[in-house]
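S.K.: have a look at this prediction, sequence included:
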Amino acid sequence: MSGTEEGREIVKALSDKGKDVVTTVATEYGREIYEKIGLGHLCLQGRLDIKGLSELIRGNDIKTLIDATHPYATQASLNAIKASEECGIKYIRFQRPSSVSNSSCMDQAAAKRPELVHIVKSMDEAVEWCRKSDGKNILLTTGFSSVEKFVKLKDEKNIYVRILPMSVHIEQCVKMGIKSSNILAIQGPFSLEFNKAVFNQYHINVVVTKDSGKTGGVPEKIQAAMETGIDIVVIKRVEIDYPVKCSTIDEVFCMLGMETV
């Protein structure tokens, strides 16, 4: 299950080793990326519940499920754990390290402008923080799925959204009331300088981000907020009791009894 950059790296490495592998992604955009890297034939698109995953596992004689979904795809991980248990197969979770718990990232932020970093427990809490803040221009870097929660602020705040360049999501954002001029449809992650340029160009006062880790470009967002002097709201991850969890790709391959190279 590989809707992440690391997931694609794992799939490619397994394929290069001649292993029988099939991967799933939730969106057409995710499938297009696999096609671009020449691995479209290994990729199945669609959101699978426990029953769907179990059928896929049994139908393809799967022996190991590697869950390399996004850190915030909580339901997908819970489905994967349950389906693996029901089918009696091995489950391995790849979980990219957190930026919130990464002491070097947060210590640097605290040393610069600690009052600008705001850690919240949920998307709803992030919405309320933004509602009460003095900032008028809010930039969401939390993906399309969060827009619906924040759109309730559109009459009080100027909401900007940075989402993947998927036409269906752009259209739905406009239908929900987001101005087309406030939609930044572009693929990340982004550099420090790019983030600073965006924050300055749109006169952003508050940035909202998930704790997607280094691969998700969170350290660059935090640093850019520090250097431009604006507030950044970081939504913590939901804690899941994974049966097996790896924080590096090397650890995943060690669990599989093979080397990455």
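M.R.: Received the coordinates, thanks. Fair warning: this is a prediction, and the values are worked out from it, not measured in the lab.
S.K.: ok, the residue lying closest to residue 246 once chain neighbours are set aside - how many residues close by?
M.R.: Leaving aside its sequence neighbours, residue 246 sits nearest to residue 252 (C-beta to C-beta, 6 or more residues apart in numbering; 4.8 Å). (Each C-beta comes from the backbone N, C-alpha and C, glycine too.) Close neighbours of residue 252, defined as other C-beta atoms under 10 Å, add up to 24.
S.K.: make residue 1 into 576 and carry on from there
M.R.: Understood, numbering begins at 576; the last thing we discussed is residue 827.
S.K.: residue 827 in helix, strand or coil?
M.R.: Of the three states, residue 827 takes helix under DSSP: H, G, I helix; E, B strand; the rest coil.
S.K.: any idea how far apart the tips of stretch 661-672 sit?
M.R.: 28 Å (C-alpha to C-alpha, to the nearest Å).
S.K.: buried sites along that stretch?
M.R.: Residues of stretch 661-672 classed as buried: 662, 664, 666, 667, 668, 669, 670, 671 (neighbour count, 16 or more other C-beta atoms under 10 Å).
S.K.: from the residues you listed, which is closest to residue 772?
M.R.: residue 671 (25.6 Å; C-beta to C-beta).
S.K.: so that closest one sits in a helix?
M.R.: No - counting by three-state DSSP, residue 671 falls outside a helix, being coil.
S.K.: quick check: closest non-adjacent residue to it.
M.R.: Closest to residue 671 by C-beta to C-beta, 6+ apart is residue 788, at 4.0 Å.
S.K.: please report phi then psi for that neighbour.
M.R.: Residue 788 adopts backbone torsions of phi 80, psi -180, taken as degrees, to the nearest 10.
S.K.: what's the neighbour count on it?
M.R.: Around residue 788 there are 24 residues (other C-beta under 10 Å).
S.K.: so how far is residue 650 from it?
M.R.: 19 Å (C-beta to C-beta, to the nearest Å).
S.K.: centre of the chain to the longest helix along the chain, how far?
M.R.: Longest helix in the chain, counting residues (DSSP state H): helix 649-662. Offset of helix 649-662 from its chain centre (C-alpha atoms, centre = their mean, to the nearest Å): 19 Å.
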